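*Asks:* Need a 3D model of the following:
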Amino acid sequence: MRFPVIAPAILVLASVGAANATTHIHINLSTQTMHVQSSSGSYSWPVSTARSGYSTPRGSFAPTGMQAMHYSRKYHMSPMPHSIFFRGGYAIHGSYETGMLGRPASHGCVRLSPGHAAMLYQMVQSEGGSISITGAPPRGHYYASARHEGGGAYAASRGRSTYGRGYAVANPFALLFGGGPF
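*Replies:* Take a look at the predicted model:
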């Protein structure tokens, strides 16, 4: 009668396997990419991290909170779909500015496409998660900066608004008066 002994052993092994099924998220600031390893597979996606003048924290983190839809009170109620918070106000979240992915563009959060953000959110919700952020941001990138090319000209040339959608204007008077410190 060894069968009753084997069944509990299989249940214990299965539960240990399930306990180790954690979504591992690695963000490389140098390449502006996210690599995800979960029980559902391996993925590699472009992201946007902090642009010049801002920083994305480096280190190892665990998710501290999740919201299916969050609006940033700090940055003009900008939408942050499928937010996974990992350090204070820093989060991994979806962004509708998909043309900026693969380049630094945020105030410090890690942005990815809305579809990938939804997939990641579901994985972390199901399995838990660990987050590691390494590398150094590429030098000399001023994407989405309102100060580039005389105020909002760069953003406007890219078909983007400097207001709304998470981009704060560094100097709003520059838009009216063509730049210069105020």
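
*Asks:* Now Arg51. Nearest residue, chain neighbours left out?
*Replies:* Pro104 (4.4 Å; CB to CB, 6 or more residues apart in numbering). Where you see a C-beta, it was placed from the backbone N, CA and C, and this is true even at glycine.

*Asks:* and the one you found, what element?
*Replies:* In the assignment (DSSP states H and E), Pro104 maps to no helix and no strand.

*Asks:* give the contact list for it.
*Replies:* Neighbouring residues of Pro104 by CB atoms under 8 Å, 6 or more residues apart in numbering: Gln32, Ser48, Thr49, Ala50, Arg51, Ser52, Pro137, Pro138, His141, Tyr143.

*Asks:* Phe86 contacts Thr64, correct?
*Replies:* Yes. Using CB atoms under 8 Å, Phe86 is in contact with Thr64, at 6.0 Å.

*Asks:* Which one's more surrounded, the two?
*Replies:* Higher neighbour count among Phe86 and Thr64: Phe86, with 23 against 12, using other CB atoms under 10 Å.

*Asks:* quick one: buried residues of the helix or strand hosting the more buried one?
*Replies:* Using DSSP H and E, Phe86 falls within strand 78-87. Buried residues in strand 78-87, defined by neighbour count with 16 or more other CB atoms under 10 Å: Ser78, Pro79, Met80, Pro81, His82, Ser83, Ile84, Phe85, Phe86.

*Asks:* for stretch 111-121, same thing?
*Replies:* For stretch 111-121, by 16+ other CB under 10 Å, it's Arg111, Leu112, Ser113, Pro114, His116, Ala117, Met119, Leu120, Tyr121.

*Asks:* Kindly report the same for stretch 83-102.
*Replies:* Within stretch 83-102, the residues that qualify as buried by neighbour count (16+ other CB under 10 Å) are 83-86, 90-95, 97-98, 100-101.

*Asks:* Going by distance to Tyr71, which of those residues wins?
*Replies:* Ser83 (9.7 Å; CB to CB).

*Asks:* Surely the closest one is in contact with Gln67?
*Replies:* Yes. With contact defined as CB under 8 Å, Ser83 reaches Gln67; the gap is 4.7 Å.

*Asks:* residues in contact with the helix or strand that the strand holding Phe86 is followed by?
*Replies:* Later in the chain than strand 78-87, the nearest helix or strand by DSSP H and E is strand 90-94. Contact with strand 90-94 is made by 25, 27, 34, 56-57, 70, 80-86, 108-118, 120, 131, as judged by CB under 8 Å, 6+ apart.
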